[in-house]
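> Next comes the sequence, and after it the predicted model I'd like to discuss.
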Amino acid sequence: MACFGLYCGKTLLFKNSSTEIYGECGACPRGQRTNEEKYCQPCTEPPELYDWLYLGFMALLPLVSHWLCIEWDSKKSCSSGVFFQQVSALLECSMAAVVTLLVSDPPGTLSIYSCGVRMLSDWYTMLYNPSPDYITTLHCTQEAVYPLYTIVLVYYAFCLVFMMLLRPFLVKKIQRSLYMPNPFESIYTALYFFPGLAVLQAVAGGLLYYAFPYIVLVASLANLAVFLVFAKIESYSDLIRKDRLLVLFNHWFLHAFGLIALSKENQLEQDLLLLFLVPVPALFYFFTTKFTKPSRIISEGAKGN
C-alpha cells in the first residue's frame with residue numbers, strides 16, 4: 001500500500017538478520033523521520049552549527065527578558081540589588097540549559113541527536129495531514145525537526161522551575177542588606193512573559209528559525225545606535241567606563257552572533273573575516289560625532305553668516 005503525505009512513513013516493528021516487518025503508514029515516532037522510501041528512520045546525527053545558534057538565540061530570549069524586567073522594575077522602585085538579581089537570572093538560565101541537554105537524547109550528555117531542518121513546512125507538519133480517500137483522514141503530525149521544536153519548550157519549563165527555586169531564596173538574602181521595596185516583582189513579571197515565549201515558539205518557531213540572524217543584526221545595530229546617542233559618548237574617557245564597555249561588548253557579541261548565523265558552512269572561514277567589521281559602526285560614530293554635533297553645526301553656520 002502506498003504511503004501518502006509529505007511526513008507519513010512506515011514504522012519498523014520487527015527486524016532480524018533476514019526479515020524486516022513495517023507497520024501501517026502513519027506518523028513516525030518521536031526522534032524519527034521518514035526517508036525518501038517512506039520508512040521511518042531514527043535521527044542520530046548531531047545538529048548543524050546553524051541549529052546550535054538557533055537554540056542559543058532561543059535560550060537568550062528568557063535571559064534578556066529577565067534582565068530587561070529586572071532593570072525596569074528597579075527604575076520604578078529605585079531598588080538596589082539589581083546586579084544580584086541579574087546574576088541569579090543568568091544562573092537560572094544556565095542551569096536550565098545544562099539540565100535540558102542532559103535529559104535530551106542521548107541522555108546524560110551535553111550533545112543531542114537531530115533530524116535536521118529541510119524546509120519551512122517541517123515545523124508545521126499538522127498542516128500536511130493527507131486524506132487520500134476523503135473518508136479516513138491519515139494523521140501524520142510529528143516533530144520532523146526533532147528536537148528543535150520541543151527542546152525549547154522544555155528549556156523554558158526548567159527556567160521557570162529554577163527561577164521559582166533560586167530567585168526567592170536569593171531575594172530574601174539580599175533584602176536584609178539592600179533596600180528592595182518590591183523584592184518579588186521581577187518573579188511576577190517573569191510569570192507573564194514565559195507563557196508568551198512558549199506561545200511564540202509554538203506558533204512562530206519555524207519563522208524564527210529562518211529569521212533570527214536578521215533579527216539579531218537589526219536589533220543589535222538599533223540598540224547600539226540608541227546606546228551611543230543617549231550615553232553621550234563624545235570622548236575616549238566617556239567610552240572606557242566599565243558599565244559602558246560592558247554594554248558595548250554585549251552589542252558586539254550579538255552582532256558577531258548574527259553574522260556567524262548568516263555564514264555558509266562551506267564558506268565559514270571566509271565569512272568569519274566579516275567579524276573584523278563588528279566594531280566599525282561604533283568606531284565610526286566615535287570618531288565622527290564631534291563633526292556632527294548640532295551645537296557645532298549651528299555655531300559654524302552663524303559664523304558663516
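Received the coordinates, thanks. Keep in mind that this is a model prediction, so the values were computed, not measured.

> which helices and strands sit right next to the top helix by length along the chain?
Scanning the chain for the helix with the most residues, using DSSP state H, yields helix 185-230. With contacts defined as 3 or more Cβ pairs under 8 Å, 6 or more residues apart in numbering; DSSP states H and E, the packing partners of helix 185-230 are helix 49-77, helix 150-175, helix 242-262, helix 280-288. For every residue, glycine as well, the C-beta is placed using N, CA and C.

> In a strand, G9, correct?
Yes: using DSSP: H, G, I helix; E, B strand; the rest coil, the assignment for G9 is a strand.

> I'd say it and A2 touch.
No: counting by Cβ atoms under 8 Å, G9 stays clear of A2, with 12.0 Å between them.

> where do the contact lists of the two overlap?
Both G9 and A2 are contacted by C25, under the criterion Cβ atoms under 8 Å, 6 or more residues apart in numbering.

> which one of the two has more residues nearby?
G9 (25 against 7; other Cβ atoms under 10 Å).

> Apart from its chain neighbours, what residue comes closest to the more buried one?
Leaving aside its sequence neighbours, G9 sits nearest to T34 (Cβ to Cβ, 6 or more residues apart in numbering; 3.1 Å).

> So which of the helices and strands packed on helix 185-230 is nearest F84?
Across the helices and strands packed on helix 185-230, F84 has its closest neighbour in helix 150-175 (5.1 Å, Cβ to Cβ).

> Please name every helix or strand in contact with the closest one.
With contacts taken as 3+ Cβ pairs under 8 Å, 6+ apart, helix 150-175 sits against helix 49-77, helix 82-103, helix 185-230.

> so what does the second one touch, helix or strand wise?
What it means is helix 82-103. Using 3+ Cβ pairs under 8 Å, 6+ apart: helix 82-103 touches helix 49-77, helix 150-175.

> Show me the one of these that comes nearest N223.
Here helix 49-77 is closest among the helices and strands packed on helix 82-103 (Cβ to Cβ), at 10.6 Å.

> same question for that closest one, mean pLDDT?
On average, the pLDDT along helix 49-77 is 84.

> Same question for that helix: list its buried residues.
Within helix 49-77, the residues scored as buried using 16 or more other Cβ atoms under 10 Å are 50-51, 53-55, 57-59, 61-63, 65-67, 69-70, 73-74.

> doesn't A97 make contact with A59?
Yes: here A59 reaches A97: they are 5.5 Å apart, a contact under Cβ under 8 Å.

> starting at the chain centroid, how far to stretch 116-123?
On the basis of Cα atoms, centre = their mean, to the nearest Å, stretch 116-123 sits 17 Å off its chain's mean C-alpha point.

> who touches that stretch?
With Cβ under 8 Å, 6+ apart as the test, stretch 116-123 has contacts from 6, 43, 45, 47-48, 51, 127-128, 144-145, 148-149, 205-207, 209-210.

> Just the mean pLDDT for that stretch, thanks.
Averaged across stretch 116-123, pLDDT comes to 91.

> Count the neighbours of the nearest residue to L160 once chain neighbours are set aside for me.
Nearest non-adjacent residue to L160, counting by Cβ to Cβ, 6+ apart: F194, 5.4 Å away. If you count neighbours by other Cβ under 10 Å, F194 ends up with 18.

> Number of residues surrounding the nearest residue to T100 once chain neighbours are set aside?
The shortest distance from T100 to any non-neighbouring residue, by Cβ to Cβ, 6+ apart, is to Y155 (4.4 Å). Y155 has 23 neighbouring residues, counting by other Cβ under 10 Å.

> I figured Y155 was touching A97, is that so?
Yes: taking Cβ under 8 Å as the definition, Y155 is a contact partner of A97 at 6.3 Å.
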